[in-house]
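Novice: Here is a sequence together with a model predicted from it:
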2 protein chains.
Amino acid sequence: MEKEAITAYIEENKQRFLDELFDLLRIPSVSADEKFTGDVLKTAGVVKSRLLEAGCDKAELVETPGHPVVYGEKIIDPGLPTVVVYGHYDVQPADPYELWDSPPFEPVIKDEKIYARGACDDKGQMYMHVKALQTMVETGSLPCNVKFMIEGEEEVGSSHLAAFVRQNKERLQGDVILISDTSMISNDHPSICVGLRGLSYVEVEVTGPNRDLHSGVYGGAVANPINVLSKMISSLVDDKGRITIPGFYDKVAEVPVEERAAMNSAPFNLQAYKDDLGIDEVMGEEGYTTLERTGIRPALDVNGIWGGYTGEGAKTVLPAKAHAKISMRLVPNQNNEEITRLFTSYFTSIAPAGVKVKVTPHHGGQPAVTKTNSLAYKAASQAFAEAWGKEPIPTRDGGSIPIVALFKEVLETDVVLLGFGLDSDAIHSPNEHYGVFNYFKGIETITLFYKHFVSLKS
Amino acid sequence: MEKEAITAYIEENKQRFLDELFDLLRIPSVSADEKFTGDVLKTAGVVKSRLLEAGCDKAELVETPGHPVVYGEKIIDPGLPTVVVYGHYDVQPADPYELWDSPPFEPVIKDEKIYARGACDDKGQMYMHVKALQTMVETGSLPCNVKFMIEGEEEVGSSHLAAFVRQNKERLQGDVILISDTSMISNDHPSICVGLRGLSYVEVEVTGPNRDLHSGVYGGAVANPINVLSKMISSLVDDKGRITIPGFYDKVAEVPVEERAAMNSAPFNLQAYKDDLGIDEVMGEEGYTTLERTGIRPALDVNGIWGGYTGEGAKTVLPAKAHAKISMRLVPNQNNEEITRLFTSYFTSIAPAGVKVKVTPHHGGQPAVTKTNSLAYKAASQAFAEAWGKEPIPTRDGGSIPIVALFKEVLETDVVLLGFGLDSDAIHSPNEHYGVFNYFKGIETITLFYKHFVSLKS
């Protein structure tokens, strides 16, 4: 009965649910660019109003040194469980605009997909939770309390969220934190992300002579910072694809054989993966599959390199300096600050006598796994099974959402990554889109999560 | 008698010789920058007039697809030997202007040095030959014929000189080619450059995936073009500083022990060298000294590298491409075209399966040695000994002057590199200068060369 009422309500309000999302998508809430600051604030205000319309008892904009956090709640009975929803209302820049087939802030539906910046990441996924609340309120089926924490700085590193969470620790207490900001394998293979890698990111500078030299006059006698940097980088990973920094693997949690087997049973077509990337061969740590390499194993990538003459034609310079940006993806139980220290110490130690090396850390984040044996995970699994007709597969994403570790540490609350996007949604890229089917099916799945979670808790 | 007349003439005309050079230095004949094209042409015209004033029978501007070559000659007797002088009237760009202590095209004398762009390279050194001719003509001591070939594109690769030389092969016949475009060890240690390295210069591109990827999602499973390029570069030189390209050393002429001993007896202070460059240690091929490493051994330097994100802060990109500019300095009897082929073949062969590699050759040049047992070298040596009071030391420069090999090949004429600059003259850099002493002593030395050369030939 209750479930029928819910699906009926969603069905009746489909056009309104889309129209409201489109209104949000039309506001260019690009947090990275100051010229959109007014739009970011306007979006926060709209989200606050929508929370109140959806049934929240109260909602407010909480100021931070950056963009405000929208906080809202509906407390129906302090004795009942509480679901905390995290999402973000800011979006990535839409550049380059010329690669979009339709303007990024004029949402349109084509081939059953909503095209707009933020359609999936994260306005579309965040707004499903607002509409799920409304659906439950209007159909008299909300079984517990709800709190919303929707930030406006996720695309610029969530710089002020840690302080907000620490300052509002009491107010944010709950029994589970739901985040819809990840993707599933496919609409045929629903999945739940249960692991995210951490990040250590450094910038290195290698200095040789005190000025750019003529490579004819000095070449062969003076250490060339680019040659040296190349050699240092190449010595960070061995021929078996293992990172050579002493102590790097000491805390890496070995994943049990059964869990690896489960990961590798997920639908994955290596040839399609290679074809999509236009590569002849994958490359990585010996003894692990591609899904394992990105899911449960750390990695080291140079994200940028520069030095010497990079213009047209030829210039025979032996440059004074060379630079690189190097990042390491980390897995449980590596600690990003410790890894940054190990990197710095090792990288400095392998510099030859003819150069000086400087290592500057950038931002980082801890790896995180979410429990697969919690009531919350079980409820999510049941909700997926009921809505999609298939048990969801637990997967591990290679990327990082540093706030997940923060929530676990400060709030001590289990997190469930209830993502409904697809890898092909082109988030952060031109022509970002989100399936209309996923939007409505996601709303339904969320309401089912509440039902199963409260049922399991009682 | 004759020598006294010459030194007296130079002494009497010092101020005029300086004033005339200053007039040349005031014209910004920057061949690399189109906005100075008028000035380059104006300079060519002034050089032509000065050749006629100095005593040439005829002088003309020979058109090329680029800047003209100034050709001049004074044939006193076709039966006598002929000296061919090569020099250039164009200069390097003067940027960055703000680092000059005085404006680059307003020559001034400070501490007995002429400060101006081109003061040494090559207006100052080239104009010594014009004034040496005038001195000999006016003092009735010119012992042979003279031809001048002064080009305007040396600083942009002498693109049209090869065609000019081939087309004017007959007109350029002579017994020796004199070039003053190199430096001496010091005013206390006159030296003659007898070797120049050749050059093979390539640009490489490593392509991985067909688009920039998120390094979190793909890192560890997909070959990163920067990591790969770093590894490929580092494998081009081994731990003993030897280039690993198969066949690279096959044609390298081993220099006899006595010649190496002579090289190493040249005044050279390793600590002063390191102090000047601000480095703790030199680095290069095992078994060779610093002078040998730049003089008689090949070298491989990365002149530029770029790829991925190089802006402020952190971006987690696994880039589609990485690039580098790589040059090799060559020694006799290496052939630059062959070396470029060997590099291309080897570099392509070491690319792992996950990437594609493209190698694009830039300009190159053949290595050159000038004979130390020729009459011309002997005459130069005697001229130095007489003018400077010391036997000159034969040295090998690490840089390249590709036209030297061209002259030897097409004109089959011995070249003598009669350079009077110092390494500290800051050519190609702000505050280029040239010693007033070197300017006048060079004019004297050139007249003595003519005397000894004709005497040895007869």
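Specialist: Yep, that arrived.
Novice: Across the sheet, point out what pairs with A:Leu178.
Specialist: Beta-bridge partners of A:Leu178, counted by DSSP bridges, are A:Val85, A:Val416.
Novice: What count of nearby residues applies to it?
Specialist: Using other CB atoms under 10 Å in any protein chain shown, A:Leu178 has 24 neighbouring residues. (Glycine included, C-beta is placed from N, CA and C.)
Novice: I'd guessed it sits against A:His129; true?
Specialist: Yes - with contact defined as CB atoms under 8 Å, A:Leu178 reaches A:His129; the gap is 6.9 Å.
Novice: Tell me the secondary structure at the residue of chain A most remote from its centre.
Specialist: Largest separation from the mean C-alpha position in chain A: A:Val217, at 49.8 Å (CA atoms, centre = their mean). Recorded secondary structure, A:Val217: helix (DSSP: H, G, I helix; E, B strand; the rest coil).
Novice: Return the residues of the stretch 101-250 of chain A in contact with chain B.
Specialist: Residues of the stretch 101-250 of chain A lying close to chain B by CB under 8 Å from any CB of the partner chain are A:197, A:199, A:201, A:203, A:208-211, A:213-224, A:226-227, A:229-231, A:233-235, A:237, A:241.
Novice: If we use 7 Å, what do you get?
Specialist: Proximity of the stretch 101-250 of chain A to chain B, by CB under 7 Å from any CB of the partner chain, involves residues A:197, A:201, A:208-210, A:214-224, A:226-227, A:230-231, A:233-234, A:237.
Novice: Mind exporting the C-alpha coordinates of the host helix or strand of A:Lys147 to PDB?
Specialist: Secondary structure assignment for A:Lys147, by DSSP states H and E: strand A:145-151. This file holds the C-alpha atoms of strand A:145-151, laid out as PDB (Å, rounded to 0.1, in the frame of the first residue of the first chain):
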ATOM      1  CA  ASN A 145      14.000  12.200  11.300                       C
ATOM      2  CA  VAL A 146      16.000  13.800   8.500                       C
ATOM      3  CA  LYS A 147      18.800  16.300   8.400                       C
ATOM      4  CA  PHE A 148      20.300  18.000   5.400                       C
ATOM      5  CA  MET A 149      23.800  19.400   5.000                       C
ATOM      6  CA  ILE A 150      24.200  20.800   1.500                       C
ATOM      7  CA  GLU A 151      27.500  22.600   0.900                       C
END
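Novice: Now a ChimeraX select for only the buried ones of the residues of the stretch 101-250 of chain A next to chain B.
Specialist: Selection of the buried residues among these in ChimeraX, burial being defined by 16 or more other CB atoms under 10 Å in any protein chain shown:
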select /A:197,201,208,209,214,215,216,217,218,219,220,221,222,223,224,226,227,230,231,233,234,237
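Novice: Now intersect the residues of the stretch 101-250 of chain A next to chain B with the helices, please.
Specialist: Secondary structure from DSSP state H places A:215-218, A:226-227, A:230-231, A:233-234 of these in helices.
Novice: Give me the pLDDT for the nearest residue to the residue farthest from the centre of chain A once chain neighbours are set aside.
Specialist: Computed as CB to CB, 6 or more residues apart in numbering or on different chains, the closest residue to A:Val217 that is not its neighbour in sequence is B:Gly398, at 4.8 Å. pLDDT recorded at B:Gly398 is 85.
Novice: residue contacts, B:Gly398?
Specialist: Residues counted as contacts of B:Gly398 (CB atoms under 7 Å, 6 or more residues apart in numbering or on different chains) are A:216-219, B:197, B:294-295, B:329.
Novice: where does chain A have low pLDDT?
Specialist: Low-confidence segments of chain A, defined by pLDDT under 70, are located at A:1.
Novice: Could you list the buried residues of the helix or strand encompassing A:Glu11?
Specialist: Using DSSP H and E, the element containing A:Glu11 is helix A:2-12. Buried residues in helix A:2-12, defined by neighbour count with 16+ other CB under 10 Å: A:6-7, A:9-10.
Novice: Next: stretch A:420-434.
Specialist: Neighbour-count burial for stretch A:420-434 flags A:420-422, A:425-427, A:429-434 (criterion: 16+ other CB under 10 Å).
Novice: which of the buried residues of helix A:2-12 lies closest to chain B?
Specialist: Nearest to chain B among the buried residues of helix A:2-12, counting by CB to the nearest CB, is A:Ile10 at 31.2 Å.
Novice: and that closest one, how far is that from A:Val228?
Specialist: Counting by CB to CB, to the nearest Å, the gap from A:Ile10 to A:Val228 is 61 Å.
Novice: swap in A:Asn264?
Specialist: Taking CB to CB, one finds A:Asn264 at 40 Å from A:Val228.
Novice: Counting neighbours, go ahead and name the busier of the two.
Specialist: Between A:Asn264 and A:Val228, counted using other CB under 10 Å, the more crowded position is A:Val228 (23 against 14).
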